[in-house]
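Student: requesting a structural model of the entry that follows:
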Amino acid sequence: MPLEAAATQSMSKQHKAFLRKLYLAHLMDDDRHNLLSLNKLTGMPRRTLQDSIVAFEDIGIRVEFVQDGSRNNAGYYRIVTWGPISSAWVDTHVDEIAAIIGVNASSEALV
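Tutor: Residues are numbered from 1 along each chain as shown. Presented below is the predicted three-dimensional model:
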C-alpha cells in the first residue's frame with residue numbers, strides 16, 4: 001500500500017511505530033545523534049525515543065551507541081545495518097513518513 005493511501009486511512013499504532021523506527025534510523029544514518037539531539041529535532045519524548053531505538057532489532061535494524069567522551073551518555077547512535085530494510089527507500093519517502101508520524105521533516109536542516 002502506498003504511503004499516501006495509508007495516510008488517508010486509519011493507521012494502526014503498530015504501523016506508526018514502524019514508521020517512527022524508520023524515521024529515527026534515517027536520522028541516525030545521516031548524522032551523529034543522541035537522545036537529546038533526536039528529542040530537539042523530532043519533538044518526540046525521550047521515553048518514546050528510547051523505546052523505539054530498543055525496538056529497532058524487531059525490524060532487523062542494528063544500532064550501536066558509540067561512546068564519545070568520558071560521561072556514559074556522551075556519544076551518538078550509529079546504524080550498523082539496516083537488515084531487510086532498504087535505506088534508499090526510506091531516504092526517498094522520508095517526508096511522507098515524517099508527515100504520517102507528525103514530525104516536521106524540514107526541521108532536519110535546522111539542526
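Student: quick one: the residue nearest to the spatial centre of the chain from Ser10, how far?
Tutor: When CA atoms, centre = their mean is applied to the chain, the residue found nearest the centroid is Leu24 (0.9 Å). Distance of Leu24 to Ser10, given as CB to CB, to the nearest Å: 23 Å. Backbone N, C-alpha and C define where each C-beta goes, glycine included.
Student: contact partners for the residue nearest to the centre of the chain?
Tutor: 38, 42, 49, 52-53 (CB atoms under 8 Å, 6 or more residues apart in numbering).
Student: so where's the longest helix in the chain?
Tutor: Counting by DSSP state H, the longest helix found in the chain is helix 13-30.
Student: for the nearest residue to Val80 once chain neighbours are set aside, give me its contacts.
Tutor: Sequence neighbours aside, Arg62 is the residue nearest to Val80 in space, at 4.1 Å (criterion: CB to CB, 6 or more residues apart in numbering). Counting by CB under 8 Å, 6+ apart, Arg62 touches 56, 79-81, 83.
Student: filter those to the buried ones?
Tutor: 56, 79 (16 or more other CB atoms under 10 Å).
Student: from the contacts of Arg62, which land in strands?
Tutor: Judged by DSSP state E, the subset of the contacts of Arg62 located in strands is 79-81.
Student: and which of the residues you listed is nearest Glu96?
Tutor: If you rank those by distance to Glu96 using CB to CB, Ile79 comes first, at 20.3 Å.
Student: my read: that closest one touches Phe65, true?
Tutor: No: contact criterion CB atoms under 8 Å: Ile79 and Phe65 do not qualify, at 11.5 Å.
Student: one step back: could you dump the ones in strands among the contacts of Arg62 to a markdown table with distance to Asn34 and pLDDT?
Tutor: Converted to a markdown table, the ones in strands among the contacts of Arg62 look like this (distance: CB to CB, whole Å; pLDDT from 0 to 100):
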| residue | distance to Asn34 | pLDDT |
| --- | --- | --- |
| Ile79 | 14 | 97 |
| Val80 | 16 | 97 |
| Thr81 | 20 | 97 |
